[in-house]
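Novice: Output the structure for:
(chains A and B)
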Amino acid sequence: MTQIGGRTELLKKFTPMEMMVVEASRLIHDNSTVFVGVGLSLLPSQLAQRTRTPGITQVFESGIIGASCSGRAPWGVDDTALQVNASAFCDLMSALGWMAMNNKFDLCFLGAAQVDKYGNVNSTVIGDYAHPRSRLPGSGGAHDVAAGGQRYAVLVRHDKLHLVDRLDYRTSPGFITGGRSREELGLPGGGPSTIVTDLGTLTPDPMTKEFILTRLHPYSTVGEVRNNTGWDLKVSDHLEESLPPTEEELNVLRNELDVEGEFTGWRRPVSETGSPQRLQPRTH
Amino acid sequence: MNKIVPIDQAVLKFVHDRQSIAFAGMPLMRKPVVFAREILRQRKAGRLKVNDLFMTGGTCSFGTALLVGAGVVDSMISQFVGFERAGLNYIVKKSIEEGIPRRVLVEDESNLTFNLRCLAGSLNLPFIPSISGVWGDLNTPGLSTHGAHEYRKYIHVKDPFGTGRRVALIQAVKPDLTVIEAPMADENGNTFFLGAVGHDDLLSRAGRKVVIVADHIVSGDLCRRFPNLVAVPSIGVDAVVPWRRAAWPTGCPGLYDPDITHIKLFNDAARKDEFEDYLDWYVYSYKDEDDYVHMIGPDAEKLSKTTSASLLEPFRKYLLKEEQLEVRA
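Specialist: Coordinates of the predicted model:
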């Protein structure tokens, strides 16, 4: 594979986080059912629905089915912006108990604070559980979707803090210790299919279930990816390169989904509206 | 039976120290925040003694954050700590990471394991099997780190009927008190939701006592006309508290959007150690319901222009006006 020389040129056109969201959205097939997680994982399916795959059904763990969020991007999986034009409202038990555990989701998106080489995910604490250095949100529905759910993609920033040799806390199951260990546990879902980062895409080796580098983003190098991974990352013999975001994809991302740039960092510094507000006593 | 009770009386009657409380709703949706404010207001006024509450799940969002920040929470079950895209929950982070104002014990659950625990509670079962929890550190007990009491969390067993499938047995949860924010309830307690249900239906059935904080009281005709739409039947409700914008700054689908600006401001206050000021200005300051709505200010109108307003349209004619309410003194 030939290394593209225009790295800085490319990164003037889009940010690595935008590449990551775009690459994740390209995993979605039209007319499929997509489970949408919290945070950055809200974006790929919104992007896909507004561009390549208008026929998808998005499911949110709050119980929202088939919402086609128009206008602003939702603040969360329970935001009022998603409670318009839904095809059904049900409850959390239906989304995570019935749908996830019975393979009703073709693809799920999860975020992660840490992911290991078998795709196991930590989203609970950094440091010791009883006295954490950093307390994070926790499982939410992630554990359930990772246990059920036909396949899921993990979105994570690529560095040694996030792609680690050993998780501080094991929140959600990937391929456990590799090989057949997940099957032996009897979890109904197929496990993680993809780790999409801002540097490339990792997929599991079919036998060992260890995640290896299979796609580079057009601006990254194998050395850079390996140096930013907390385990000795193997590289596929058939390494591919992802296509940069299209004009249309960037347009939708910037003008509709991440207008402030808080997720993908495309707009810096933050606009006037995003400046921190100070606490004020009421005056009216 | 008319179950309408003013908020101060509901708090004084149903909240007791050392009990378990579940706030229904999700991080940005239908949190009974005004009830949490009232607990702190009654405590400040010296009418309610609470120091060690056990918050029993329902995602750890705004209401729980207020109580944790005020130091009246001893421990909690949590599936999710935070405000999703609107930010981490810095009050609760500070408590867990730095012990400020005190270290709250946390037991983690996933959304499904927590819901199953509530299902077991609602069925009056001691435990229930679950696929979630078969693997991972959710199995770590979080409520025994002081060494005060040791206990087992999940117990893994194989299907005794012979399929060999492995499940986790997880214990029931029955909160002493479940508080639910709803867009509509009638005076008997029949409660209606708009939008996603989340886990509010299950929590209502798991709770030993259930208080509904309703933005609108509706005519009793609504349940007679659409009995299918009753999410919590009156039989499971102990009190109905009428209060407009009860979920603010979280949203109430059909009525108003979440107030992201305020949530960020709150988080900012938490990070700058201005939480006491927050309590003075946004918890202890208002006199009554009208004053509370006034406190939210001009943003209230803006938040009401929610795109989800169409959900309320078919029910608008059933909403009662304030003078039509008979509040039990």
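
Novice: quick one: low-confidence ranges for the chain?
Specialist: Going with chain A. Along chain A, the parts satisfying pLDDT under 70 run over A:1-6, A:70, A:268-284.

Novice: nope, chain B
Specialist: Low-confidence regions of chain B, defined by pLDDT under 70, span residues B:145-149, B:326-329.

Novice: all helices of it, in order?
Specialist: Using DSSP state H, the helices of chain B run over residues B:7-14, B:33-44, B:62-69, B:90-98, B:111-122, B:200-206, B:221-225, B:260-271, B:275-282, B:289-296, B:299-304.

Novice: what angle separates the fourth one from helix B:275-282?
Specialist: So the one you mean is helix B:90-98. When axes from the mean of the first three to the mean of the last three CA atoms, to 10 degrees is applied, the directions of helix B:90-98 and helix B:275-282 differ by 160 degrees.

Novice: related to what we said a few turns ago, I'd like the helices of chain B laid out as JSON lines, including mean neighbour count and distance to residue A:224.
Specialist: Placement of C-beta: from N, CA and C, glycine included. Supplementary listing: the helices of chain B in JSON lines, determined by neighbours: other CB atoms under 10 Å in any protein chain shown; distance: least, CB to CB, whole Å:
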{"stretch": "helix B:7-14", "mean neighbour count": "19", "distance to residue A:224": "57"}
{"stretch": "helix B:33-44", "mean neighbour count": "22", "distance to residue A:224": "46"}
{"stretch": "helix B:62-69", "mean neighbour count": "26", "distance to residue A:224": "40"}
{"stretch": "helix B:90-98", "mean neighbour count": "22", "distance to residue A:224": "32"}
{"stretch": "helix B:111-122", "mean neighbour count": "27", "distance to residue A:224": "36"}
{"stretch": "helix B:200-206", "mean neighbour count": "24", "distance to residue A:224": "47"}
{"stretch": "helix B:221-225", "mean neighbour count": "15", "distance to residue A:224": "61"}
{"stretch": "helix B:260-271", "mean neighbour count": "20", "distance to residue A:224": "34"}
{"stretch": "helix B:275-282", "mean neighbour count": "17", "distance to residue A:224": "42"}
{"stretch": "helix B:289-296", "mean neighbour count": "16", "distance to residue A:224": "49"}
{"stretch": "helix B:299-304", "mean neighbour count": "15", "distance to residue A:224": "45"}
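
Novice: Format those as JSON lines; extra columns: distance to chain A.
Specialist: JSON lines is the format used below for these (distance: least, CB to the nearest CB, whole Å):
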{"stretch": "helix B:7-14", "distance to chain A": "20"}
{"stretch": "helix B:33-44", "distance to chain A": "14"}
{"stretch": "helix B:62-69", "distance to chain A": "12"}
{"stretch": "helix B:90-98", "distance to chain A": "4"}
{"stretch": "helix B:111-122", "distance to chain A": "4"}
{"stretch": "helix B:200-206", "distance to chain A": "6"}
{"stretch": "helix B:221-225", "distance to chain A": "18"}
{"stretch": "helix B:260-271", "distance to chain A": "5"}
{"stretch": "helix B:275-282", "distance to chain A": "5"}
{"stretch": "helix B:289-296", "distance to chain A": "6"}
{"stretch": "helix B:299-304", "distance to chain A": "9"}
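
Novice: which stretch among those helices comes nearest residue B:252?
Specialist: Comparison of the helices of chain B against residue B:252 by CB to CB identifies helix B:299-304 as nearest, at 9.5 Å.

Novice: re the thing from before, right, so of the helices of chain B, which gets closest to residue A:148?
Specialist: Taking CB to CB as the criterion, helix B:111-122 is the member of these that comes nearest to residue A:148, at 8.7 Å.

Novice: Can you find the residue of chain B that comes nearest to chain A?
Specialist: Across chain B, no residue is closer to chain A than residue B:84, which sits at 3.1 Å (CB to the nearest CB).

Novice: out of everything not next to it in sequence, what's closest to that residue?
Specialist: In space, residue B:84 comes closest to residue A:76 once its chain neighbours are excluded; the distance is 3.1 Å by CB to CB, 6 or more residues apart in numbering or on different chains.

Novice: Run a quick check on that neighbour versus residue B:85, I expect a contact.
Specialist: Yes - taking CB atoms under 8 Å as the definition, residue A:76 is a contact partner of residue B:85 at 5.8 Å.

Novice: higher neighbour count, those two?
Specialist: Regarding residue A:76 and residue B:85, a neighbour count based on other CB atoms under 10 Å in any protein chain shown identifies residue A:76 as having more, with 27 against 21.

Novice: list the contacts for that one?
Specialist: Residues near residue A:76 by CB atoms under 8 Å, 6 or more residues apart in numbering or on different chains: A:38, A:42, B:26, B:27, B:28, B:29, B:83, B:84, B:85, B:86, B:258.

Novice: close enough to count as contact, the first one and residue A:79?
Specialist: I take that to be residue A:38. No - taking contact to mean CB under 8 Å, the distance of 10.7 Å between residue A:38 and residue A:79 leaves them out of contact.

Novice: what sits in contact with each of residue A:76 and residue B:85?
Specialist: Counting by CB under 8 Å, 6+ apart, the residues touching both residue A:76 and residue B:85 are A:38, A:42.

Novice: Can you tell me which of the contacts of residue A:76 is nearest residue A:121?
Specialist: Compare each of the contacts of residue A:76 with residue A:121 using CB to CB and the shortest gap goes to residue A:38, at 12.8 Å.

Novice: Next, count neighbours for residue B:259.
Specialist: When counting by other CB under 10 Å, one arrives at 24 neighbours for residue B:259.

Novice: Contacts only, for the closest residue to it other than its chain neighbours.
Specialist: In space, residue B:259 comes closest to residue B:249 once its chain neighbours are excluded; the distance is 3.7 Å by CB to CB, 6+ apart. By CB under 8 Å, 6+ apart, the residues touching residue B:249 are B:33, B:62, B:258, B:259, B:260, B:262, B:263, B:266.

Novice: if we go to 10 Å?
Specialist: With CB atoms under 10 Å, 6 or more residues apart in numbering or on different chains as the criterion, the residues that contact residue B:249 are B:28, B:31, B:33, B:61-62, B:83, B:86, B:256-266, B:282, B:296, B:299, B:303.

Novice: do the same with residue B:221
Specialist: B:186, B:317, B:318.

Novice: 8 Å instead, please
Specialist: Listed by CB under 8 Å, 6+ apart, the contact set of residue B:221 reads residue B:318.

Novice: quick one, strands of the stretch 51-200 of chain A?
Specialist: A:57-60, A:64-65, A:88-89, A:107-111, A:114-115, A:121-122, A:125-127, A:132-135, A:152-155, A:192-196, A:200-204 (DSSP state E, counting those that start in this stretch).

Novice: and the third one, what other elements does it pack with?
Specialist: Contact here means 3 or more CB pairs under 8 Å, 6 or more residues apart in numbering or on different chains; DSSP states H and E; on that basis strand A:88-89 packs against strand A:64-65.

Novice: gap between the strand it packs on and the chain center?
Specialist: 19 Å (CA atoms, centre = their mean, to the nearest Å).

Novice: From chain B, how far out is residue A:174?
Specialist: Using CB to the nearest CB, to the nearest Å, one obtains 10 Å as the distance from residue A:174 to chain B.

Novice: Sounds good, over and out.
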